[in-house]
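1. with the input below, show me the fold.
(chains A and B)
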2 protein chains.
Amino acid sequence: MIAVDWGSSSLRGYLLDEHGAILDQRADARGILGCDGNFAAVLADLVDGWPGTILMSGMIGSRNGWIEQPYLPCPATLDDVAAALHPHRDAALPGRALWFVPGVAVAASDAPPDVMRGEETQLFGLDLHAGSAQVCLPGTHSKWATLRAGALTGFATAMTGELFALLRTHSLLGRLMDDGQALDAAAFARGVQRSGEPGGLLHHLFGVRALGLFDRLSPSAAPSYLSGLLVGHEIAALADPAQRVHLVGSAGLTERYAVALAQLGFTSAQAPESLAARGLYRIAKARGMHG
Amino acid sequence: MIAVDWGSSSLRGYLLDEHGAILDQRADARGILGCDGNFAAVLADLVDGWPGTILMSGMIGSRNGWIEQPYLPCPATLDDVAAALHPHRDAALPGRALWFVPGVAVAASDAPPDVMRGEETQLFGLDLHAGSAQVCLPGTHSKWATLRAGALTGFATAMTGELFALLRTHSLLGRLMDDGQALDAAAFARGVQRSGEPGGLLHHLFGVRALGLFDRLSPSAAPSYLSGLLVGHEIAALADPAQRVHLVGSAGLTERYAVALAQLGFTSAQAPESLAARGLYRIAKARGMHG
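-> The predicted structure is shown next:
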């Protein structure tokens, strides 16, 4: 089978054998926002020469993607997700069955809603079948999820990465920052430390400006300090101190979160990469596509 | 004397009698960012035909203003501010003494810094001489100040208004909002209510998007909901529940804060307008410019 992880700004394909092992993989810069709607042609390019059924997760199943998939309600098990799949066909991919994994929503009418699309597949790719586990997928919209016996039982999204980018690009704080992307570990740690003090995030954000005004935060250190502030506030509000945090994502970002978690007294573990491929394989298997 | 309140985007002048009563007042749209640096000419226009010494407060004394005034350290009394004034002269205003009120800073090297410029004058315009009082000046950068026996003993700034504008203009949330400026009182109250629930501001912000996705928050109600969220978080982090909150500012904004404070169990009182003129008069008097 072919596993495809297709987000807003990235596309990754994996050719899997019958045990889920990765035989081949390809990446393409054409996320759904870079396809001009020509999803079938982009996919045909990606899987050229690869045999098998195609299973896709991520924003490709959103309103702005190829074929919108309704959200499954949370809690959701692997079997719930597998049962919700429907095969599609497309003339540009003759003889191929196309399957889209739905997103998952917290959508009870008496509680604040939340949504994920793509992360559910990564979560089902984790080998955390027993007891309960807490998983963080940091990013533009960080997800904090709870798994119980392998089922997704709850989650919350934090707008951390988007707010960081907004503040850096468009706020008064951005004028105090240079363009460097390198992490200043000491400044990041200062931001995390500050996040735990009284005053709240809105006050701490103004402090970035005040520190700059008194030459107590350099333009090269300010982005890392701001990142530490935001990540620290995210962790304090959403992490359960009674549990280890399983971190899922790119090495750079999860390493940053691991440092902040340790500084705040939490323990964490880095999950393996390629979780999307693993999750798509497990969903396919639960659907009976194999065996 | 002439009292001038000159901020980034507004300019107000008051002709005062020897008891501080307002004899005449004028407003001009040319805040310091709209003067192209021609401060003397703009001021000469404003005070044309008015006699007397000119005392100015606000961003006109900042790095981007006319003549930069160093910050006074907090705590600061009315007499401290009066003693820090120095007269200036300008050829465009022959025979006039020009005085600039300095800003105030929390600047101890072992604590996070904070600054205000202009608000100190409004605070000294309040008739709160006995005991201690808590004052909130809501805005782009909201100030929460503590007065003791009329002295400014501490303050904290929250980036509430700037963040609201950023999110509305540049974030994914803004795409879910229409352009209306009218307050939707019910949506504002929902936002305030939500601010008090677990999850933190970064999670609550993402909730604005999720509510919109499920048609549970309309494009016309979303800005008010977002405002309620941010104001609620600001109040919870910075207000002292043991004290009444004195609100200083425009009627529309202070009314909004009064509603949020009441909803969260705080009591508040609206301060009179024209506090800048009153504060400048009191500073002048403390300096001995009168009597």
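2. switch to C-alpha atoms for all contacts and neighbour counts from now on
-> Noted.
3. you'd agree residue A:190 is up against residue A:227?
-> No: checked against Cα atoms under 8 Å, the pair residue A:190 and residue A:227 is beyond contact range at 10.1 Å.
4. more neighbours: those two, which one.
-> Taking neighbours as other Cα atoms under 10 Å in any protein chain shown, residue A:190 and residue A:227 compare with residue A:227 leading, 24 against 15.
5. check which helix or strand the more buried one maps to.
-> Using DSSP states H and E, residue A:227 falls within helix A:222-238.
6. and that helix, how far from the chain's centre?
-> Relative to the chain's own centre, helix A:222-238 is displaced by 17 Å; criterion: Cα atoms, centre = their mean, to the nearest Å.
7. give me the contact list for the next helix or strand after it.
-> Note on helix A:222-238: by DSSP H and E, the next helix or strand toward the C-terminus is strand A:245-247. With Cα atoms under 8 Å, 6 or more residues apart in numbering or on different chains as the test, strand A:245-247 has contacts from A:133-138, A:239, A:254, A:257-258, A:266-271.
8. which among those residues gets closest to chain B?
-> Nearest to chain B among the contacts of strand A:245-247, counting by Cα to the nearest Cα, is residue A:239 at 9.4 Å.
9. for the residue nearest to residue A:66 when sequence neighbours are not counted, what are its contacts?
-> Spatially, and ignoring its direct neighbours in sequence, residue A:66 is nearest to residue A:60 (5.5 Å; Cα to Cα, 6 or more residues apart in numbering or on different chains). If a contact means Cα under 8 Å, 6+ apart, then residue A:60 has A:6-8, A:32, A:66-68, A:100 as its contacts.
10. in strands, which of those residues fall?
-> Per DSSP state E, strands hold the following members of those: A:6, A:100.
11. drop anything exposed from the contacts of strand A:245-247.
-> A:133-138, A:239, A:254, A:257-258, A:266-268, A:270-271 (16 or more other Cα atoms under 10 Å in any protein chain shown).
12. of those, which belong to strands?
-> Counting by DSSP E, the buried ones among the contacts of strand A:245-247 place A:133-137, A:268, A:270 in strands.
13. show me what residue A:22 is bridged to.
-> Under DSSP bridges, the beta-bridge partners of residue A:22 are residue A:16.
14. correct me, but it touches residue A:15?
-> Yes: the criterion here is Cα under 8 Å, and residue A:22 meets it with residue A:15 at 5.9 Å.
15. ok, those two, which is more surrounded?
-> Applying other Cα under 10 Å to residue A:22 and residue A:15 shows that residue A:15 carries more neighbours, namely 21 against 16.
16. in contact with residue A:159, which residues?
-> Per Cα under 8 Å, 6+ apart, neighbours of residue A:159: A:140-142, B:202-203, B:205-206.
17. how about those in TSV, adding distance to residue B:108 and pLDDT?
-> Supplementary listing: the contacts of residue A:159 in TSV, determined by distance: Cα to Cα, whole Å; pLDDT from 0 to 100:
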residue	distance to residue B:108	pLDDT
A:140	35	94
A:141	36	96
A:142	36	98
B:202	30	98
B:203	33	98
B:205	33	98
B:206	36	98
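18. using ChimeraX, define a selection of the buried residues within these.
-> One line in ChimeraX is enough to select the buried members of those, burial here meaning 16+ other Cα under 10 Å:
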select /A:141,142 /B:202,203,205,206
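19. spell out which parts of the stretch 51-200 of chain A neighbour chain B.
-> Taking Cα under 8 Å from any Cα of the partner chain as the criterion, the stretch 51-200 of chain A approaches chain B at residues A:112-115, A:141, A:156-160, A:162, A:166-167, A:170-171, A:198-200.
20. are any of those buried, and which?
-> By neighbour count, with 16+ other Cα under 10 Å, these hold A:112-115, A:141, A:156-160, A:162, A:166-167, A:199-200 as buried.
21. filter the residues you listed down to just the ones in strands.
-> Reading strands off those with DSSP E, I get A:114-115, A:156-158.
22. from those residues, which is closest to chain B?
-> Ranked by distance to chain B (Cα to the nearest Cα), these are led by residue A:158 at 4.1 Å.
23. now do that closest one against residue B:116, distance only.
-> Counting by Cα to Cα, to the nearest Å, the gap from residue A:158 to residue B:116 is 31 Å.
24. and if you look at residue A:239?
-> Using Cα to Cα, we find residue A:239 at a distance of 35 Å from residue B:116.
25. and what of residue A:200?
-> Per Cα to Cα, residue A:200 is found 18 Å from residue B:116.
26. middle-most residue in chain A, spatially?
-> Per Cα atoms, centre = their mean, the C-alpha nearest to the average position across chain A is that of residue A:137, at 4.7 Å.
27. give the contact list for the residue nearest to residue A:161 when sequence neighbours are not counted.
-> Spatial nearest neighbour of residue A:161, excluding adjacent residues (Cα to Cα, 6+ apart): residue A:140 at 3.7 Å. Going by Cα under 8 Å, 6+ apart, residue A:140 touches A:159-162.
28. with just CA atoms, put the helix or strand where residue A:276 lies into CSV.
-> Take DSSP H and E as the rule and residue A:276 turns out to sit in helix A:275-286. Extracted as CSV, the C-alpha positions of helix A:275-286 are listed here (Å, rounded to 0.1, in the frame of the first residue of the first chain):
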residue,chain,number,x,y,z
LEU,A,275,4.5,8.2,12.6
ALA,A,276,2.1,9.2,9.8
ALA,A,277,3.2,6.2,7.7
ARG,A,278,2.8,3.9,10.7
GLY,A,279,-0.6,5.3,11.5
LEU,A,280,-1.9,4.9,8.0
TYR,A,281,-0.7,1.4,7.9
ARG,A,282,-2.5,0.6,11.1
ILE,A,283,-5.7,2.2,9.9
ALA,A,284,-5.5,0.2,6.7
LYS,A,285,-5.0,-3.0,8.6
ALA,A,286,-7.9,-2.2,11.0
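29. any buried residues in stretch A:208-224, and which?
-> If you call a residue buried by 16+ other Cα under 10 Å, then stretch A:208-224 has these buried ones: A:208-212, A:216-224.
30. that stretch vs chain B: in contact?
-> Yes: for stretch A:208-224 and chain B, the contact criterion (Cα under 8 Å from any Cα) is met by A:210-211, A:214.
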